[in-house]
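> model the following, please.
(2 chains)
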Amino acid sequence: MAILLNGSPMEFAHPEPVADFLTGLGAPATGVAIAVNGVIVPRSRWSEAMVDDGDTVEVLTAMQGG
Amino acid sequence: MALTIGSLNLQSRLILGSGGAASHQVVLDVLQASGAELVTVALRRFRPGSGSSSLYQDLAGAGATVLPNTAGAHTSREARTLAELGREALQTNLVKLEVVIDDRTLLPDPIELVDAARELVAAGFEVFAYTNDDPALARILADTGVVAVMPLGSPIGSGMGILNPANISLIVELVDLPVILDAGIGTASDAALAMELGVDGVLVASAITRATDPVKMAGAISLAVRAGREAWEAGRISRRPLAVPSSPFEGLPDFNLAG
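The predicted structure is shown next:
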């Protein structure tokens, strides 16, 4: 399936819950936020909310900044 | 003497900005050397393959409170998006609100800033508002319900120090909230001056992280903040145009005595 991840087109094997999607990306367990199709998915919904074919996904984390 | 900002209680009046450091390790090293308890971070896209260790985890592990900023926002809407992402990522209601007019000056856009402050306060954020050295704007921001106003000394990263000390003093006098001098600090004496003007704290990033020896500068600025605070509490003498003798005129000898 094709998704737009952080502005770049990417191919993934199949739809999966947000939690598994983030684990697959190698994202740290804390300090990460994800928005799917312009809507932030709260941590409490990571195990049920899905990343599906055609979705636009933003994954953000804390970086150095003043 | 502790500093209370919203729900935060800080022993150190130095707030560290993590931007500009050569590595995560430098951030952790200057954090320790500075004694700062509050550290700002920016929210940016995660790069897959960049490893699973995170700046947030490193800072939290070192005992710091992490303050996400909205750096990169040019409008109220962009700032609110970044604030919401920061709240979700770091599980905190704290946010350092930055809305700039352009990328050359990074000066706050007062119209967008006030709008974003109102919206974020209404959404339950504890807003640290990065603002111009304008006492009127500082008052307007204070009235929105932010927890701290953070006037700049001079543009971010410029190292030009405090260009308008009289305005910083006026902000301290007019605003009944913690005032944090943010941006423009170049070296330790700038931080001491800020504290001597009566601000409650100083946020320093580039002056520490881009110094030749960041750890040494972190220690120097930490000392300057403490010295400046104590000088403010001690109450400086007033300025006057003519000398006031510190030795008495009375009791002078006859200057015609043989030498």
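
> and the residue nearest the centre of chain B?
B:Leu203 (2.3 Å; CA atoms, centre = their mean).

> which residues does that residue contact?
A:Gly66, B:Ile15, B:Leu16, B:Gly17, B:Thr40, B:Met150, B:Ile180, B:Leu181, B:Asp182, B:Ala183 (CB atoms under 8 Å, 6 or more residues apart in numbering or on different chains). (Glycine included, C-beta is placed from N, CA and C.)

> quick check: the third one is in a strand.
Yes - the secondary structure assignment for B:Leu16 places it in a strand, going by DSSP: H, G, I helix; E, B strand; the rest coil.

> what's the nearest residue to it if we skip its chain neighbours?
Nearest residue to B:Leu16 in three dimensions, chain neighbours excluded: B:Ala36, at 4.0 Å (CB to CB, 6 or more residues apart in numbering or on different chains).

> what's the burial count for the one you found?
Residue crowding around B:Ala36 was assessed by other CB atoms under 10 Å in any protein chain shown; the count is 28.

> what of A:Gly31?
Neighbour count for A:Gly31, taken as other CB under 10 Å: 25.

> do I have it right that it meets A:Ala62?
Yes - using CB atoms under 8 Å, A:Gly31 makes contact with A:Ala62 at a distance of 5.2 Å.

> pretty sure B:Val27 is touching A:Gln64, no?
Yes - contact criterion CB under 8 Å: B:Val27 and A:Gln64 qualify, at 6.4 Å.

> any common contacting residues for those two?
Common neighbours of B:Val27 and A:Gln64 (CB under 8 Å, 6+ apart) are B:Ser18, B:Ala21, B:Leu55.

> give me the subset of these that also touch chain A.
Taking CB under 8 Å from any CB of the partner chain, the overlap between these and the neighbourhood of chain A is B:Ser18, B:Ala21, B:Leu55.

> which one of those residues is nearest B:Val215?
B:Ala21 (10.7 Å; CB to CB).

> mind checking how far the closest one is from B:Leu38?
16 Å (CB to CB, to the nearest Å).

> tell me where the model's unsure across chain B.
B:1, B:51-53, B:259 (pLDDT under 70).

> which strand of chain B spans the most residues?
strand B:38-45 (DSSP state E).

> from the chain's centroid, how far away is that strand?
Here strand B:38-45 shows a centroid-to-chain-centroid distance of 15 Å under the convention CA atoms, centre = their mean, to the nearest Å.

> what sits against the nearest residue to B:Asp182 once chain neighbours are set aside?
The spatially closest residue to B:Asp182, leaving aside those adjacent along the chain, is B:Met150, at 3.8 Å (CB to CB, 6+ apart). Going by CB under 8 Å, 6+ apart, B:Met150 touches B:Lys96, B:Phe128, B:Ala129, B:Tyr130, B:Thr131, B:Val179, B:Ile180, B:Leu181, B:Asp182, B:Ala183, B:Leu203.

> the second one should be in a strand, yeah?
Yes - residue assignment for B:Phe128, taken from three-state DSSP, places it within a strand.

> what sits against it?
B:Ile5, B:Leu67, B:Leu94, B:Val95, B:Lys96, B:Leu97, B:Val146, B:Val147, B:Ala148, B:Met150, B:Ile180.

> and the strand or helix carrying A:Thr61, which residues are buried?
Taking DSSP states H and E as the criterion, A:Thr61 maps to strand A:56-64. Using 16 or more other CB atoms under 10 Å in any protein chain shown as the test for burial, strand A:56-64 gives A:Val57, A:Glu58, A:Val59, A:Leu60, A:Thr61, A:Ala62, A:Met63, A:Gln64.

> out of the residues you listed, which touch chain B?
A:Glu58, A:Val59, A:Leu60, A:Thr61, A:Ala62, A:Met63, A:Gln64.

> what number of residues are in the vicinity of the residue in chain A that chain B sits nearest to?
For chain A and chain B, the shortest gap (CB to the nearest CB) falls at A:Gly65, measuring 2.6 Å. Residue neighbour count, defined by other CB under 10 Å, stands at 22 for A:Gly65.

> next one: B:Asp103
By other CB under 10 Å, neighbour count at B:Asp103 equals 8.

> give the contact list for the residue in chain A sticking out farthest from the centre.
Going by CA atoms, centre = their mean, the residue of chain A most distant from its centre is A:Gly66, 25.4 Å out. Neighbouring residues of A:Gly66 by CB under 8 Å, 6+ apart: B:17-20, B:40, B:42, B:69, B:71, B:156-157, B:183, B:203, B:205-206.
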